[in-house]
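Student: With the sequence up front, the predicted model follows.
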Amino acid sequence: MKPIIIIVLLLGITYAIAEGIHYGSITGILLATCSLMALGYGIYLTEKLRKQMNEETESEYLQ
């Protein structure tokens, strides 16, 4: 389910960037680019948290 949500968000952000370029809106391009960076950072933090949870689970099983 998560990959589908990410793909939909990326399509929406890409559309927003394209609309900003089409209308020459610097604000639109900037906001869409910031949204893209925020999405990327959110994905990074989610993966980092998932790895940390897996490591904690492994250490609990080893004890």
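Tutor: It's in.
Student: how many neighbours does Met37 have?
Tutor: A count of nearby residues for Met37, using other Cβ atoms under 10 Å, gives 11. Where you see a C-beta, it was placed from the backbone N, CA and C, and this is true even at glycine.
Student: Ok, Ala32 next?
Tutor: Neighbours of Ala32 (other Cβ under 10 Å): 21.
Student: Next, it: secondary structure please.
Tutor: Classification of Ala32 using DSSP: H, G, I helix; E, B strand; the rest coil returns helix.
Student: Contacts for the helix or strand bottoming out on mean pLDDT in the chain next, please.
Tutor: Here the helix or strand of the chain ranked lowest by mean pLDDT, DSSP states H and E is helix 2-23, holding a mean of 84. Contact with helix 2-23 is made by 25-33, 35-36, 39, 43, as judged by Cβ atoms under 8 Å, 6 or more residues apart in numbering.
Student: So which of those wins on neighbours?
Tutor: Ala32 (21 neighbours).
Student: Who's the closest spatial neighbour of it, skipping the chain neighbours?
Tutor: Ala16 (3.8 Å; Cβ to Cβ, 6 or more residues apart in numbering).
Student: Where does the spatially most central residue of the chain sit, in terms of helix or strand?
Tutor: Among the residues of the chain, Leu39 comes closest to the average C-alpha position under Cα atoms, centre = their mean, at 2.3 Å. Using DSSP states H and E, the element containing Leu39 is helix 26-62.
Student: what angle do that helix and helix 2-23 make?
Tutor: 160 degrees (axes from the mean of the first three to the mean of the last three Cα atoms, to 10 degrees).
Student: and helix 26-62, how far from the chain's centre?
Tutor: Distance of helix 26-62 from the chain centroid (Cα atoms, centre = their mean, to the nearest Å) equals 7 Å.
Student: counting contacts, what elements does that helix pack onto?
Tutor: Helix 26-62 makes packing contacts with helix 2-23 when contacts are defined by 3 or more Cβ pairs under 8 Å, 6 or more residues apart in numbering; DSSP states H and E.
Student: ok, back up a step: grab the nearest non-local neighbour of the residue nearest to the centre of the chain.
Tutor: In this structure, Leu39 finds its nearest non-sequential neighbour in Leu9, 5.7 Å apart by Cβ to Cβ, 6+ apart.
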